[in-house]
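A.B. asks: below are the sequence and a predicted model; questions follow.
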Amino acid sequence: MNKITILIILLFCSSTTYSQDTTKPQVLIITTGGTIASKTNGPLIEGNNLIQAVPELSNYATVVVDEFVNIGSSKMTPLIWLQLVKHIRNALNSNPEIKSVIITHGTDTMEETAFFLNLTHKSKIPIILVGSMRSSNEISADGPANLINAVRVGISPEAIGMGVMVVMNDNISAGRDLLKMNNRRVDAFPSTELGFIGFCDPEKVTFYRSPIKLHTFESEFNVYDLDSLPKVDIVQDFAGLDSEILTFFMNRSNQGLVISSFAGGRLSNGIISEIVNLPATHKPIVISSSIKEGRIMGSNPEGTPIIIANDLPSNKSRILLMLSLTRTTDITKIQEYFNKY
């Protein structure tokens with residue numbers, strides 16, 4: 001086989017490796033699309049081209065690029081989540097030299113993907129999600145700096161066992177705690193009341209705390225043999241809600257519901273009238289708060305299908321309920337999952 005043939009084969013491999021310096025840690029970058037891979041009024045950038053546009057990455061690691069999907073994250077689905085976590089496991093099993101996994105991702109559903117992976121990635125190898133709030137051809141695009149920082153976090157020894165993290169705007173957030181709070185600003189993911197877990201400063205990455213809630217290698221949820229997840233719907237409560245709306249959702253072919261309530265878990269009469277007399281054998285109904293921070297106080301009423309989401313918002317409550325239903329339909333046990341995770 002001549003040199004030209006070898007070169008052609010390398011060019012057409014599905015995964016591409018940049019920087020062959022064996023003294024540098026190896027990092028897998030999985031690209032999924034999103035604003036970080038976008039151009040204003042243009043198509044999404046392919047994974048290899050996205051990484052090639054940031055040559056400084058080779059200063060820190062040997063990068064293996066893997067384009068998984070190329071979509072805006074508003075098009076993300078539970079099926080893609082399942083495929084992604086299986087894809088990550090297969091990649092790590094086939095290449096034990098990988099020290100961390102970086103996922104470029106749109107910010108619309110970044111907090112959901114991060115939380116799902118935080119509960120299903122059964123490894124101490126860190127996963128870092130990264131995105132941007134500005135397209136790649138905008139002035140002061142934030143994607144390149146975010147991507148470099150994500151790799152820096154991924155190769156940090158302190159990142160091992162920290163679960164899934166998100167790196168944006170020099171900040172490191174725990175995958176469970178992340179909240180998007182702005183439609184446009186580069187600081188769209190500010191510190192929650194729980195705080196960032198670390199920061200990316202120019203000279204080093206610094207961690208200040210570890211996530212306390214169970215995650216990744218400690219998680220009880222195993223989805224590697226699943227082809228789908230239980231269907232769970234979200235119902236937004238509002239002033240004057242007609243009880244027929246909730247009745248419609250309760251009669252749908254779902255396995256559970258999440259109700260996004262008023263502050264503190266308070267509900268409209270339209271919701272209360274439908275759930276007050278439901279037996280514990282009914283499909284589970286999780287009560288979360290539409291207020292971004294603070295938890296719902298109290299405990300779930302005994303003998304009912306009601307589960308208290310604590311501090312989880314409705315989108316994350318939906319994910320945890322879907323995963324809980326892969327293991328049990330017992331209301332008490334599901335509440336225990338919401339207390340632990």
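C.D. replies: Nice, thanks for sending it over.
A.B. asks: so what strands line up beside the helix or strand hosting Ile259?
C.D. replies: Element membership for Ile259 (DSSP states H and E) is strand 256-261. Sheet pairing of strand 256-261 (DSSP bridges) gives strand 232-236 (parallel), strand 285-289 (parallel).
A.B. asks: buried residues, the last one. List them.
C.D. replies: Just to be clear, that refers to strand 285-289. Neighbour-count burial for strand 285-289 flags Ile285, Val286, Ile287, Ser288, Ser289 (criterion: 16 or more other C-beta atoms under 10 Å). Quick note: C-beta positions are derived from backbone N, CA and C, even for glycine.
A.B. asks: isn't the third one right next to Leu312, touching?
C.D. replies: No: the pair formed by Ile287 and Leu312 falls short of the contact definition of C-beta atoms under 8 Å, at 10.6 Å.
A.B. asks: for Thr62, give the beta-bridge partners.
C.D. replies: As for beta bridges, Thr62 partners with Gln26 under DSSP bridges.
A.B. asks: mind giving me the domain ranges of this protein?
C.D. replies: According to automatic domain parsing, the chain is divided into the following domains: 3-218, 232-340.
A.B. asks: for those domains, which has the smallest mean pLDDT value?
C.D. replies: Per-stretch mean pLDDT for the domains of the chain is lowest at domain 3-218 (a mean of 90).
A.B. asks: what about that one, distance to the chain center?
C.D. replies: Taking C-alpha atoms, centre = their mean, to the nearest Å, one finds domain 3-218 lying 11 Å from the centre of the chain it belongs to.
A.B. asks: rewinding a little: save the domains of the chain as JSON lines, and put in distance to Tyr224 too.
C.D. replies: What follows is those, written out as JSON lines (distance: least, C-beta to C-beta, whole Å):
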{"stretch": "domain 3-218", "distance to Tyr224": "6"}
{"stretch": "domain 232-340", "distance to Tyr224": "11"}
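A.B. asks: distance of the closest residue to Thr104 other than its chain neighbours from Phe68?
C.D. replies: Of all residues not flanking Thr104 in the chain, Thr31 sits nearest, at 4.7 Å (C-beta to C-beta, 6 or more residues apart in numbering). Look at Thr31 and Phe68: by C-beta to C-beta, to the nearest Å, they are 7 Å apart.
A.B. asks: again, but for Ala91
C.D. replies: Ala91 is 10 Å from Phe68, by C-beta to C-beta.
A.B. asks: go on, Ser94?
C.D. replies: Counting by C-beta to C-beta, the gap from Ser94 to Phe68 is 15 Å.
A.B. asks: compare those two and say which one has the larger neighbour count.
C.D. replies: Applying other C-beta atoms under 10 Å to Ser94 and Phe68 shows that Phe68 carries more neighbours, namely 18 against 8.
A.B. asks: isn't that one up against Ile29?
C.D. replies: No: in this structure Phe68 lies outside contact range of Ile29 using C-beta under 8 Å: 10.2 Å.
A.B. asks: hmm, back to that, which one of the buried residues of strand 285-289 is nearest to Gly72?
C.D. replies: Ser288 (25.3 Å; C-beta to C-beta).
A.B. asks: helices of the stretch 201-341 of the chain, start to end?
C.D. replies: Listed in chain order, the helices of the stretch 201-341 of the chain (DSSP state H, counting those that start in this stretch) span 243-250, 269-275, 314-325, 331-340.
A.B. asks: what comes up buried for stretch 129-142?
C.D. replies: So stretch 129-142, judged by 16+ other C-beta under 10 Å, has buried residues Leu129, Val130, Gly131, Ser132, Met133, Arg134, Ser135, Ser136, Ala141, Asp142.
A.B. asks: reformat those residues as a markdown table; add distance to Asn169 and secondary structure.
C.D. replies: Putting the buried residues of stretch 129-142 into a markdown table (distance: C-beta to C-beta, whole Å; DSSP: H, G, I helix; E, B strand; the rest coil) gives the following:
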| residue | distance to Asn169 | secondary structure |
| --- | --- | --- |
| Leu129 | 13 | strand |
| Val130 | 11 | strand |
| Gly131 | 10 | coil |
| Ser132 | 10 | coil |
| Met133 | 8 | coil |
| Arg134 | 11 | coil |
| Ser135 | 16 | coil |
| Ser136 | 16 | coil |
| Ala141 | 13 | coil |
| Asp142 | 7 | coil |
